[in-house]
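# Sequence and predicted structure below; questions after.
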Amino acid sequence: MKNSFGQNVTVTVFGESHGAGVGAVLDGMPAGIPVNDEFINHQLSLRRPSGAISTPRVEADNYIIYSGVYNGFTTGTPICIVVPNENTKSKDYSLDRFLARPSHADFVAFEKYNGFEDYRGGGHFSGRVTTGLVAVGAIAISALKQKGIKIGTHISKCGGVCDAPFSDYETQIDDLNNMIFAVLDDKKGEEMQSAIIEARANCDSVGGILETAVLGLPVGVGEPWFDTLEGLLSHALFSIPAVKGVEFGLGFGIADLLGSKANDAFEISGDKVVTKTNNNGGINGGISNGMPIIFRCAVKPTPTIAQPQSTVNFKENVNAIIESKGRHDPCIVHRARVVVDSMVAITLCDALTAKFGTDWWIK
(Lines give C-alpha, C1' and ligand atoms only; values in the text may rest on other atoms or scores of the structure.)
Protein backbone atom coordinates (compact mmCIF):
# COMPACT_ATOMS: atom_id res chain seq x y z
CA MET A 1 0.00 0.00 0.00
CA LYS A 2 1.40 3.39 -1.03
CA ASN A 3 0.34 6.17 1.31
CA SER A 4 2.81 8.95 0.49
CA PHE A 5 2.64 11.58 -2.24
CA GLY A 6 5.13 14.21 -3.43
CA GLN A 7 8.83 14.59 -4.12
CA ASN A 8 10.02 17.73 -2.29
CA VAL A 9 7.05 18.39 -0.03
CA THR A 10 5.47 15.05 0.80
CA VAL A 11 2.32 13.99 2.58
CA THR A 12 1.67 10.59 4.17
CA VAL A 13 -1.77 9.56 5.41
CA PHE A 14 -2.52 6.96 8.07
CA GLY A 15 -5.43 5.52 10.05
CA GLU A 16 -8.77 3.84 9.46
CA SER A 17 -12.39 4.92 9.67
CA HIS A 18 -13.06 2.95 12.85
CA GLY A 19 -9.53 2.77 14.25
CA ALA A 20 -8.11 4.89 17.06
CA GLY A 21 -7.72 7.85 14.74
CA VAL A 22 -6.56 9.21 11.41
CA GLY A 23 -3.88 11.67 10.49
CA ALA A 24 -1.15 12.84 8.17
CA VAL A 25 2.54 13.72 8.10
CA LEU A 26 3.60 16.73 6.03
CA ASP A 27 7.35 16.67 5.36
CA GLY A 28 9.56 19.09 3.47
CA MET A 29 7.81 22.32 4.50
CA PRO A 30 10.36 25.00 5.42
CA ALA A 31 10.68 26.51 8.86
CA GLY A 32 8.83 29.74 9.61
CA ILE A 33 5.43 29.04 8.05
CA PRO A 34 2.64 30.24 10.40
CA VAL A 35 0.40 27.55 11.89
CA ASN A 36 -2.93 28.95 13.02
CA ASP A 37 -5.14 26.65 15.11
CA GLU A 38 -8.22 28.72 14.33
CA PHE A 39 -7.63 28.29 10.60
CA ILE A 40 -7.01 24.54 10.89
CA ASN A 41 -10.28 24.20 12.83
CA HIS A 42 -12.07 26.30 10.22
CA GLN A 43 -10.85 24.05 7.42
CA LEU A 44 -11.87 20.93 9.34
CA SER A 45 -15.33 22.45 9.88
CA LEU A 46 -15.78 22.67 6.09
CA ARG A 47 -15.19 18.91 5.81
CA ARG A 48 -17.44 18.05 8.77
CA PRO A 49 -21.00 16.74 8.16
CA SER A 50 -23.71 19.39 7.98
CA GLY A 51 -27.30 18.52 8.88
CA ALA A 52 -29.71 16.57 6.67
CA ILE A 53 -27.45 16.74 3.61
CA SER A 54 -24.70 14.76 5.36
CA THR A 55 -24.03 11.65 7.43
CA PRO A 56 -25.23 11.52 11.06
CA ARG A 57 -21.68 10.55 12.04
CA VAL A 58 -20.20 13.81 13.32
CA GLU A 59 -16.71 13.85 14.81
CA ALA A 60 -15.28 16.62 16.98
CA ASP A 61 -11.96 16.46 15.07
CA ASN A 62 -9.95 17.46 18.13
CA TYR A 63 -6.61 17.21 16.37
CA ILE A 64 -3.22 16.94 18.04
CA ILE A 65 0.00 18.29 16.49
CA TYR A 66 2.70 15.87 17.61
CA SER A 67 5.70 17.39 15.83
CA GLY A 68 7.01 20.00 13.43
CA VAL A 69 5.38 23.06 15.02
CA TYR A 70 6.68 25.28 17.83
CA ASN A 71 5.43 28.66 19.04
CA GLY A 72 2.97 28.88 16.15
CA PHE A 73 5.43 28.25 13.31
CA THR A 74 6.74 25.26 11.40
CA THR A 75 10.19 24.13 12.52
CA GLY A 76 11.27 22.52 9.25
CA THR A 77 10.88 18.97 10.60
CA PRO A 78 8.04 16.58 9.69
CA ILE A 79 4.64 17.87 10.79
CA CYS A 80 2.52 15.08 12.28
CA ILE A 81 -1.16 15.71 13.01
CA VAL A 82 -3.42 13.05 14.55
CA VAL A 83 -7.23 13.31 14.70
CA PRO A 84 -8.83 10.80 17.12
CA ASN A 85 -11.97 8.91 16.10
CA GLU A 86 -14.58 9.41 18.80
CA ASN A 87 -17.88 8.40 17.19
CA THR A 88 -17.69 4.92 15.69
CA LYS A 89 -20.31 2.18 15.41
CA SER A 90 -18.36 -0.78 14.12
CA LYS A 91 -21.18 -3.27 14.73
CA ASP A 92 -23.01 -1.70 11.76
CA TYR A 93 -20.49 -3.43 9.50
CA SER A 94 -19.86 -6.77 11.20
CA LEU A 95 -22.99 -8.50 9.86
CA ASP A 96 -22.07 -7.70 6.25
CA ARG A 97 -18.38 -8.56 6.56
CA PHE A 98 -18.20 -10.62 3.36
CA LEU A 99 -20.82 -8.78 1.30
CA ALA A 100 -19.25 -6.55 -1.33
CA ARG A 101 -20.89 -3.13 -1.16
CA PRO A 102 -21.36 -2.00 -4.78
CA SER A 103 -18.78 0.58 -5.93
CA HIS A 104 -16.85 0.23 -2.65
CA ALA A 105 -13.38 -1.24 -2.12
CA ASP A 106 -14.57 -4.16 0.07
CA PHE A 107 -13.98 -6.94 -2.46
CA VAL A 108 -10.78 -5.63 -4.01
CA ALA A 109 -9.27 -4.82 -0.58
CA PHE A 110 -10.07 -8.33 0.65
CA GLU A 111 -8.35 -9.81 -2.39
CA LYS A 112 -5.34 -7.49 -2.30
CA TYR A 113 -4.65 -7.80 1.43
CA ASN A 114 -5.69 -11.43 1.86
CA GLY A 115 -8.48 -10.63 4.32
CA PHE A 116 -6.28 -8.79 6.83
CA GLU A 117 -7.64 -5.35 5.99
CA ASP A 118 -9.68 -3.34 8.50
CA TYR A 119 -13.08 -3.45 6.77
CA ARG A 120 -15.04 -1.41 9.33
CA GLY A 121 -16.56 1.65 7.67
CA GLY A 122 -14.31 1.14 4.68
CA GLY A 123 -11.20 1.12 6.84
CA HIS A 124 -8.27 2.89 5.20
CA PHE A 125 -10.36 3.47 2.06
CA SER A 126 -12.86 5.64 3.94
CA GLY A 127 -13.31 9.33 3.29
CA ARG A 128 -12.62 9.73 7.02
CA VAL A 129 -8.91 9.45 6.17
CA THR A 130 -9.13 12.77 4.32
CA THR A 131 -9.44 14.53 7.69
CA GLY A 132 -5.68 14.38 8.10
CA LEU A 133 -5.18 15.80 4.62
CA VAL A 134 -7.39 18.78 5.46
CA ALA A 135 -5.52 19.40 8.73
CA VAL A 136 -2.04 19.52 7.15
CA GLY A 137 -3.48 21.09 4.01
CA ALA A 138 -4.40 24.13 6.09
CA ILE A 139 -0.68 24.69 6.70
CA ALA A 140 0.07 24.38 2.98
CA ILE A 141 -2.73 26.86 2.20
CA SER A 142 -1.23 29.31 4.72
CA ALA A 143 2.17 28.98 3.04
CA LEU A 144 0.65 29.73 -0.36
CA LYS A 145 -1.26 32.73 0.98
CA GLN A 146 2.02 34.30 2.09
CA LYS A 147 3.09 34.13 -1.56
CA GLY A 148 -0.14 35.65 -2.85
CA ILE A 149 -1.54 32.34 -4.12
CA LYS A 150 -5.24 31.62 -3.51
CA ILE A 151 -7.31 28.47 -4.01
CA GLY A 152 -11.10 28.36 -4.16
CA THR A 153 -13.65 25.71 -5.15
CA HIS A 154 -17.38 25.89 -5.76
CA ILE A 155 -20.00 23.23 -6.39
CA SER A 156 -20.42 23.66 -10.13
CA LYS A 157 -23.11 20.98 -10.36
CA CYS A 158 -24.94 18.75 -7.90
CA GLY A 159 -28.05 16.65 -8.22
CA GLY A 160 -28.51 17.91 -11.78
CA VAL A 161 -28.51 21.59 -10.69
CA CYS A 162 -25.81 23.90 -12.09
CA ASP A 163 -24.24 26.79 -10.19
CA ALA A 164 -23.31 30.15 -11.74
CA PRO A 165 -19.81 30.27 -13.29
CA PHE A 166 -16.86 32.15 -11.82
CA SER A 167 -16.89 35.84 -12.73
CA ASP A 168 -14.78 37.71 -10.12
CA TYR A 169 -12.16 35.25 -8.91
CA GLU A 170 -10.59 37.41 -6.21
CA THR A 171 -13.78 38.25 -4.36
CA GLN A 172 -15.56 34.97 -4.99
CA ILE A 173 -12.70 32.79 -3.75
CA ASP A 174 -12.62 34.66 -0.45
CA ASP A 175 -16.38 34.21 -0.07
CA LEU A 176 -16.33 30.52 -1.03
CA ASN A 177 -13.67 29.72 1.54
CA ASN A 178 -16.04 30.79 4.31
CA MET A 179 -19.08 28.81 3.09
CA ILE A 180 -20.18 25.41 4.36
CA PHE A 181 -22.06 24.84 1.08
CA ALA A 182 -19.83 26.58 -1.44
CA VAL A 183 -21.85 27.99 -4.34
CA LEU A 184 -21.79 31.26 -6.28
CA ASP A 185 -25.59 31.45 -6.59
CA ASP A 186 -27.46 31.01 -3.30
CA LYS A 187 -30.71 30.06 -5.05
CA LYS A 188 -28.97 27.30 -6.98
CA GLY A 189 -27.41 26.15 -3.73
CA GLU A 190 -30.85 25.78 -2.17
CA GLU A 191 -32.01 23.74 -5.18
CA MET A 192 -28.97 21.49 -4.87
CA GLN A 193 -29.62 20.88 -1.19
CA SER A 194 -33.25 20.07 -1.94
CA ALA A 195 -32.08 17.48 -4.49
CA ILE A 196 -29.78 15.94 -1.88
CA ILE A 197 -32.56 15.73 0.70
CA GLU A 198 -34.92 14.21 -1.88
CA ALA A 199 -32.33 11.57 -2.74
CA ARG A 200 -31.93 10.77 0.94
CA ALA A 201 -35.70 10.39 1.35
CA ASN A 202 -35.60 7.87 -1.51
CA CYS A 203 -32.72 5.97 0.16
CA ASP A 204 -30.47 7.14 -2.65
CA SER A 205 -27.56 9.54 -3.24
CA VAL A 206 -26.30 12.14 -5.71
CA GLY A 207 -22.93 13.24 -7.09
CA GLY A 208 -21.68 16.40 -8.70
CA ILE A 209 -18.86 18.48 -10.14
CA LEU A 210 -16.42 20.72 -8.27
CA GLU A 211 -14.74 23.61 -10.09
CA THR A 212 -11.51 25.01 -8.68
CA ALA A 213 -9.57 28.20 -9.42
CA VAL A 214 -5.99 28.92 -8.38
CA LEU A 215 -4.88 32.56 -8.53
CA GLY A 216 -1.39 34.02 -8.28
CA LEU A 217 0.62 30.99 -9.34
CA PRO A 218 3.78 32.26 -11.07
CA VAL A 219 4.77 31.32 -14.60
CA GLY A 220 6.97 28.25 -15.01
CA VAL A 221 5.64 25.74 -12.48
CA GLY A 222 5.58 22.14 -13.72
CA GLU A 223 8.25 19.65 -14.81
CA PRO A 224 7.59 18.04 -18.22
CA TRP A 225 7.33 15.29 -19.32
CA PHE A 226 6.13 13.23 -16.40
CA ASP A 227 5.68 15.80 -13.64
CA THR A 228 3.65 18.32 -15.61
CA LEU A 229 1.43 20.56 -13.53
CA GLU A 230 -1.66 18.85 -14.92
CA GLY A 231 -0.11 15.46 -14.23
CA LEU A 232 0.79 16.27 -10.62
CA LEU A 233 -2.61 17.80 -9.88
CA SER A 234 -4.47 14.94 -11.55
CA HIS A 235 -2.48 12.39 -9.57
CA ALA A 236 -3.33 14.21 -6.34
CA LEU A 237 -7.00 14.70 -7.20
CA PHE A 238 -7.57 11.09 -8.21
CA SER A 239 -6.29 10.03 -4.79
CA ILE A 240 -9.40 11.61 -3.23
CA PRO A 241 -12.15 9.02 -2.68
CA ALA A 242 -15.06 9.31 -5.17
CA VAL A 243 -13.24 11.51 -7.73
CA LYS A 244 -13.81 9.82 -11.10
CA GLY A 245 -12.85 12.52 -13.58
CA VAL A 246 -10.59 15.60 -13.86
CA GLU A 247 -10.47 18.18 -16.66
CA PHE A 248 -8.54 21.44 -17.10
CA GLY A 249 -9.83 24.59 -18.80
CA LEU A 250 -12.49 23.60 -21.30
CA GLY A 251 -11.50 19.96 -20.76
CA PHE A 252 -13.23 17.54 -23.11
CA GLY A 253 -15.19 20.45 -24.58
CA ILE A 254 -12.06 21.76 -26.28
CA ALA A 255 -12.15 18.77 -28.63
CA ASP A 256 -15.23 20.22 -30.37
CA LEU A 257 -13.55 23.52 -31.26
CA LEU A 258 -11.44 24.63 -34.19
CA GLY A 259 -7.88 25.57 -33.32
CA SER A 260 -8.70 29.21 -34.06
CA LYS A 261 -11.31 29.13 -31.28
CA ALA A 262 -9.49 26.87 -28.83
CA ASN A 263 -6.19 28.80 -28.85
CA ASP A 264 -5.57 31.35 -26.08
CA ALA A 265 -4.11 34.42 -27.82
CA PHE A 266 -1.36 36.28 -25.95
CA GLU A 267 -1.24 40.01 -25.22
CA ILE A 268 0.59 42.48 -22.98
CA SER A 269 -1.36 43.84 -20.00
CA GLY A 270 0.67 46.42 -18.07
CA ASP A 271 4.01 44.70 -17.57
CA LYS A 272 2.67 41.15 -17.82
CA VAL A 273 2.09 38.62 -20.58
CA VAL A 274 -1.49 37.34 -20.36
CA THR A 275 -3.91 35.45 -22.58
CA LYS A 276 -7.19 36.87 -23.90
CA THR A 277 -9.02 33.63 -23.09
CA ASN A 278 -8.20 30.77 -20.75
CA ASN A 279 -9.43 27.70 -22.58
CA ASN A 280 -6.35 25.74 -21.52
CA GLY A 281 -6.91 26.46 -17.83
CA GLY A 282 -3.69 28.38 -17.18
CA ILE A 283 -1.34 25.62 -18.34
CA ASN A 284 0.68 25.30 -21.57
CA GLY A 285 3.02 22.40 -22.21
CA GLY A 286 2.42 21.15 -18.68
CA ILE A 287 3.73 24.45 -17.23
CA SER A 288 1.78 27.28 -15.56
CA ASN A 289 1.47 30.36 -17.80
CA GLY A 290 0.44 32.89 -15.13
CA MET A 291 -3.28 32.79 -15.83
CA PRO A 292 -5.71 31.30 -13.28
CA ILE A 293 -5.45 27.51 -13.05
CA ILE A 294 -8.96 26.21 -13.71
CA PHE A 295 -10.05 22.59 -13.40
CA ARG A 296 -13.09 20.48 -12.53
CA CYS A 297 -13.50 17.19 -10.65
CA ALA A 298 -16.38 14.77 -11.15
CA VAL A 299 -17.49 13.28 -7.83
CA LYS A 300 -19.60 10.12 -7.97
CA PRO A 301 -22.76 9.60 -5.89
CA THR A 302 -22.09 8.12 -2.46
CA PRO A 303 -22.03 4.35 -3.11
CA THR A 304 -23.49 3.41 0.28
CA ILE A 305 -27.28 3.66 -0.01
CA ALA A 306 -30.14 2.18 2.00
CA GLN A 307 -31.71 0.38 -0.97
CA PRO A 308 -31.47 -3.37 -1.56
CA GLN A 309 -28.70 -3.99 -4.10
CA SER A 310 -27.42 -7.09 -5.84
CA THR A 311 -23.96 -8.19 -4.73
CA VAL A 312 -21.97 -11.28 -3.80
CA ASN A 313 -20.77 -12.98 -0.66
CA PHE A 314 -17.10 -13.26 -1.63
CA LYS A 315 -16.30 -15.75 1.15
CA GLU A 316 -19.01 -18.23 0.19
CA ASN A 317 -18.86 -17.29 -3.52
CA VAL A 318 -22.63 -16.89 -3.89
CA ASN A 319 -24.94 -14.12 -5.06
CA ALA A 320 -26.53 -12.02 -2.34
CA ILE A 321 -28.56 -8.90 -1.57
CA ILE A 322 -27.20 -6.06 0.56
CA GLU A 323 -29.11 -3.23 2.20
CA SER A 324 -26.70 -0.91 3.98
CA LYS A 325 -27.59 -0.01 7.56
CA GLY A 326 -24.61 2.15 8.49
CA ARG A 327 -24.43 5.93 8.65
CA HIS A 328 -23.65 7.50 5.32
CA ASP A 329 -23.88 10.72 3.28
CA PRO A 330 -26.55 11.22 0.62
CA CYS A 331 -23.92 13.42 -1.06
CA ILE A 332 -20.25 14.11 -0.36
CA VAL A 333 -19.64 16.83 -2.95
CA HIS A 334 -19.94 19.74 -0.50
CA ARG A 335 -17.58 18.06 1.97
CA ALA A 336 -15.09 16.99 -0.69
CA ARG A 337 -14.37 20.51 -1.93
CA VAL A 338 -12.11 21.39 1.05
CA VAL A 339 -10.27 18.11 0.49
CA VAL A 340 -9.69 19.21 -3.11
CA ASP A 341 -8.36 22.57 -1.92
CA SER A 342 -6.07 20.82 0.57
CA MET A 343 -4.61 18.36 -1.93
CA VAL A 344 -4.11 21.15 -4.46
CA ALA A 345 -2.26 23.24 -1.87
CA ILE A 346 0.04 20.37 -0.90
CA THR A 347 0.74 19.60 -4.57
CA LEU A 348 1.51 23.22 -5.40
CA CYS A 349 3.86 23.50 -2.41
CA ASP A 350 5.71 20.48 -3.79
CA ALA A 351 5.85 21.86 -7.35
CA LEU A 352 6.89 25.36 -6.22
CA THR A 353 9.67 23.93 -4.05
CA ALA A 354 10.91 21.96 -7.06
CA LYS A 355 11.20 25.21 -9.04
CA PHE A 356 12.35 27.72 -6.41
CA GLY A 357 13.76 25.71 -3.48
CA THR A 358 12.82 25.94 0.19
CA ASP A 359 14.40 29.35 0.86
CA TRP A 360 11.91 30.99 -1.55
CA TRP A 361 9.10 30.39 0.92
CA ILE A 362 10.48 32.65 3.64
CA LYS A 363 12.05 35.45 1.56
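Cool, the structure landed.

# residues in contact with residue 189?
155, 163, 181, 183 (CB atoms under 8 Å, 6 or more residues apart in numbering). Glycine gets a C-beta too; all of them are placed from N, C-alpha and C.

# and it, that's in a helix?
Yes - secondary structure assignment (DSSP: H, G, I helix; E, B strand; the rest coil) places residue 189 inside a helix.

# Quick check, pLDDT for it.
Model confidence at residue 189, given as pLDDT, is 98.

# Please report how far it lies from residue 223.
Distance, residue 189 to residue 223, using CB to CB, to the nearest Å: 38 Å.

# about what we covered before: may I ask which two of the contacts of residue 189 are separated the most?
Taking CB to CB as the measure, these reach their widest spread between 163 and 181, a distance of 10.4 Å.

# what residues are shared contacts of these two?
Common neighbours of residue 163 and residue 181, using CB under 8 Å, 6+ apart, are 155, 189, 192.

# List the buried residues of stretch 60-71.
Residues of stretch 60-71 classed as buried under the neighbour-count rule (16 or more other CB atoms under 10 Å) are 61, 63, 65, 68, 69.

# which one of the residues you listed is nearest residue 317?
Comparing the buried residues of stretch 60-71 against residue 317 with CB to CB picks out residue 61 as the nearest, at 40.2 Å.

# Where do the helices of the stretch 201-350 of the chain begin and end?
For the stretch 201-350 of the chain, the helices defined by DSSP state H, counting those that start in this stretch cover 229-238, 259-262, 333-356.

# would you list these in TSV and tack on distance to residue 283, mean neighbour count and mean pLDDT?
As requested, the helices of the stretch 201-350 of the chain are exported to TSV (distance: least, CB to CB, whole Å; neighbours: other CB atoms under 10 Å; pLDDT from 0 to 100):
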stretch	distance to residue 283	mean neighbour count	mean pLDDT
helix 229-238	5	21	98
helix 259-262	14	10	98
helix 333-356	11	25	98
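
# got those helices as TSV, with distance to residue 284 columns?
Output for the helices of the stretch 201-350 of the chain, formatted as TSV (distance: least, CB to CB, whole Å):
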stretch	distance to residue 284
helix 229-238	10
helix 259-262	12
helix 333-356	15
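
# Out of those helices, which gets nearest to residue 280?
In terms of CB to CB, the element of those nearest to residue 280 is helix 259-262, at 8.1 Å.

# Show the secondary-structure elements that the closest one is packed against.
In terms of contact count using 3 or more CB pairs under 8 Å, 6 or more residues apart in numbering; DSSP states H and E, helix 259-262 is assigned no packing partners among helices or strands.

# Residues contacting that helix, please?
The list of residues contacting helix 259-262 from outside it, by CB under 8 Å, 6+ apart, reads 250, 254, 279.

# excluding its backbone neighbours, what's nearest residue 248?
Leaving aside its sequence neighbours, residue 248 sits nearest to residue 281 (CB to CB, 6 or more residues apart in numbering; 3.7 Å).

# and that neighbour, how many residues sit next to it?
The number of residues packed near residue 281 is 26, by other CB atoms under 10 Å.
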